[in-house]
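> Pasting the sequence and the predicted model now:
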Amino acid sequence: RQQLEQALATNRALSLSASQLHHELASSERSVELQTENFNATLRSLNDDRDQWRQRAEALELKETATQARLRSCEAEMERLQRIRRPKEPAVARLLRKLERNIAPEMRVAADGRILQKLTEKHGTLEVRLVAVDLDECSLKWGHAP
C-alpha cells in the first residue's frame, strides 16, 4: 500500500510537472511565433527598403549615363568648333584674330561724331557741342552742334 501511495504521489507530481511543461511549451511556442512574425515583418521591411534603394540607384545610373552622353556630345562639339576656329596657316590665323578685334563699327561712330552737353568751368553753364574723331589727323575735334 505504501508503494502504491508513493507511486500515486509520484504520478501526481509527474502529472503536475507534465502540465507545467505543457503550459511552458505552449507559452514558448507562442513566444517563438511572435518572434518569427516580428522577424518576418522586419525582413519584409528591409527587403522593401533594399528594393527602393535599388530603384534609386538604377534611376541615378540612368541619369549618369544620360549626363555622360551629353558631356561626350558637348566635348565633340567643342573639338569641332576648335578645329573650325584654328586655321592651319599662320597668315589666316592672324587675319582671323584681326577680324575678331575689328573696331571698324566703333570707329565709324566716333568719326561721325556725337552731340554732347559740355559744362563750362567758368560759368557752370551747359553748352551743346559736337565731338568727333578726325581719322586723318588722329585727333579729337570739338565744334558747335549743327
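Noted; the coordinates are in hand.

> Past the lengthiest strand in the chain, which element shows up next along the chain?
Of all the segments of type strand in the chain, defined by DSSP state E, the longest one is strand 126-134. Of the helices and strands lying after strand 126-134 in sequence (DSSP states H and E), the nearest is strand 139-144.

> what separates that following strand from the chain centre, distance-wise?
Its chain's C-alpha centre and that of strand 139-144 lie 56 Å apart, by CA atoms, centre = their mean, to the nearest Å.

> Please apply the same query to stretch 137-146.
The chain centre lies 56 Å from the centre of stretch 137-146; the measure is CA atoms, centre = their mean.

> And the contacts of the longest strand of the chain?
With contact meaning CB atoms under 8 Å, 6 or more residues apart in numbering, strand 126-134 is reached by 107, 110-120, 139-146. Heads up, the C-betas are built off the backbone N, CA and C, glycines and all.

> 7 Å instead?
In this structure, residues lying in contact with strand 126-134 by CB atoms under 7 Å, 6 or more residues apart in numbering are 110-120, 140-146.

> Could you tell me which strands sit next to that strand in the sheet, and their orientation?
In the sheet, strand 126-134 lines up against strand 114-119 (antiparallel), strand 139-144 (antiparallel) (DSSP bridges).

> Put together a markdown table for those, with distance to residue 89, mean neighbour count and mean pLDDT on each row.
Shown next, in a markdown table, are the strands paired with strand 126-134 (distance: least, CB to CB, whole Å; neighbours: other CB atoms under 10 Å; pLDDT from 0 to 100):
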| stretch | distance to residue 89 | mean neighbour count | mean pLDDT |
| --- | --- | --- | --- |
| strand 114-119 | 40 | 11 | 86 |
| strand 139-144 | 38 | 10 | 88 |
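
> Thanks a lot, catch you later.
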